[in-house]
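**Student:** Build the 3D model from these lines:
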Amino acid sequence: MLALLGPPVVAAGTVLVALLAGWYEWDASALEESLGGVPLPLALLGLMLISILLVPLFWGEEFGWTGYLRPRMPTGRPLLALLLTSLIWAVWRYPLVFTGYTEFGNVFLGLLCWTSIFFTLQAILTGLYERSGSIWVPSLAHAGNNFVLWMLPAVLMVDTGQISGEMLNLVGLVPLMPLAIWAWRSSPRHTGLPLDTQASA
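**Tutor:** Next comes the predicted model:
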């Protein structure tokens, strides 16, 4: 359930933080234009459905990073394994910044912010994997991250010109951090429950 509902909750938290901080001002007309006239609730449901349908596309990436690479990082040091996996994952995606996949006004700052996001996301994906024993669960969360968690706030705040891509990543860290800490600390690795990550991988 967290894999499905977490992305829209974090997206809402990101927008709320920006609103409360005064970095974003709600603009219903700009939002309607960005969404092509589609009501926000319908757009949200549509993006959630797309993320469910496209889970198989993200299975390979999750199998590679969360299911294969991270468990083969330094044994007995889960935090170091998490940090190394996140850094490798981030660096592997750096070239996308120069292909138009994402845009930053300040590339150095943007990459720094982007890297910090990978640490929090990997903590959440690892926690989901270890709790469920299936790579399909973090694959669903990964799809939701792409199509809901970042896409909706970007349409609301970046596409309307109110904040930059770098700022979006920084604002997104605020709701992501407590979720990442909870997911990491509540995983079987930290609660004493047996790890069953090989069952359905």
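**Student:** so what's the residue nearest to the spatial centre of the chain closest to, chain neighbours aside?
**Tutor:** Centroid-nearest residue in the chain, with CA atoms, centre = their mean: Asn145, separated by 4.0 Å. Spatial nearest neighbour of Asn145, excluding adjacent residues (CB to CB, 6 or more residues apart in numbering): Pro7 at 5.7 Å. All C-beta atoms are positioned from the backbone trio N, CA, C, and that covers glycine.
**Student:** Also Leu80?
**Tutor:** Using CB to CB, 6+ apart, the nearest residue to Leu80 is Pro74, at 5.3 Å.
**Student:** tell me which element the one you found falls in.
**Tutor:** Here Pro74 is covered by no helix or strand, with elements defined by DSSP states H and E.
**Student:** show me what contacts it?
**Tutor:** The contact partners of Pro74, taken as CB atoms under 8 Å, 6 or more residues apart in numbering, are 80-81, 84.
**Student:** Any chance you could list what contacts stretch 66-73?
**Tutor:** 80-82, 84-85, 88, 122, 125-126, 129, 135, 138, 197, 201.
**Student:** just the helices in the protein please.
**Tutor:** Assigned by DSSP state H, the chain shows helices spanning 2-21, 28-34, 40-53, 55-62, 78-93, 107-132, 136-144, 151-153, 165-185, 188-191.
**Student:** Comparing those helices by mean pLDDT, which bottoms out?
**Tutor:** Lowest mean pLDDT of the helices of the chain: helix 188-191, a mean of 56.
**Student:** looking at the helices of the chain, which is buried most?
**Tutor:** helix 136-144 (a mean of 26; mean count of other CB atoms under 10 Å).
**Student:** what's Ile163 sitting at in phi/psi?
**Tutor:** phi -140, psi 160 (degrees, to the nearest 10).
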